[in-house]
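Trainee: can't give you the sequence, but here's the structure:
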């Protein structure tokens, strides 16, 4: 199974992915968490954040996940994933692909802005920010999880995800 968490920067993909991983790992010892920021680092941070670079990274990310998936490794992927063509490719090439959109209002994201991405974009100091000068294309996900609230405990969202996942075949 490949669980694909999509959302803008600050939506809570990694937080949810890690909590989901902790809950599922005891039953799935061959489960791996793949985070978009960590993936860029592992790949050497050799590309930027332009539309073209993001497209190249999307291809790398999806094909890397297919590589692991073909070996029977279950995945939780936390990635911005702003390309419908790659989401379609995932549906066609990854086994038991399940897409979750972590939907968060842009104003909430700006408040959470721990990486200072949105603040720098508003001041004109950063370009190529998805949600500002690169439009975000909302996915046609299997499940939408709203994460607009300030949360200390993500257990209710993790429960919702687990309760909606298809059974492993």
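Mentor: Arrived safely, thanks for sending. Predicted model only: the values in this text are computed from it and were never measured.

Trainee: okay, now the unreliable bits of this structure?
Mentor: Filtered on pLDDT under 70, the chain yields the residue ranges 169.

Trainee: and the strands in it?
Mentor: Taking DSSP state E as the criterion, the chain contains strands spanning 2-6, 31-35, 74-79, 97-103, 143-146.

Trainee: give the buried residues for the shortest one.
Mentor: This means strand 143-146. Under the neighbour-count criterion of 16 or more other C-beta atoms under 10 Å, strand 143-146 has 143, 144, 145 buried. In this view, the C-beta of every residue, glycine as well, is placed from N, C-alpha and C.

Trainee: mind checking how far the first one is from residue 39?
Mentor: Residue 143 sits 22 Å away from residue 39, going by C-beta to C-beta, to the nearest Å.

Trainee: may I see the buried residues of the longest helix seen in the chain?
Mentor: Ranked by residue count under DSSP state H, the longest helix found in the chain is helix 51-69. Residues of helix 51-69 classed as buried by neighbour count (16+ other C-beta under 10 Å): 54, 57, 58, 61, 62, 64, 65, 66, 68, 69.

Trainee: isn't residue 89 up against residue 65?
Mentor: No - if you go by C-beta atoms under 8 Å, residue 89 and residue 65 don't touch, sitting 10.6 Å apart.

Trainee: distance of the closest residue to residue 6 other than its chain neighbours from residue 34?
Mentor: Closest residue to residue 6 apart from its sequence neighbours, by C-beta to C-beta, 6 or more residues apart in numbering: residue 81 at 4.3 Å. Separation of residue 81 from residue 34 (C-beta to C-beta) stands at 12 Å.
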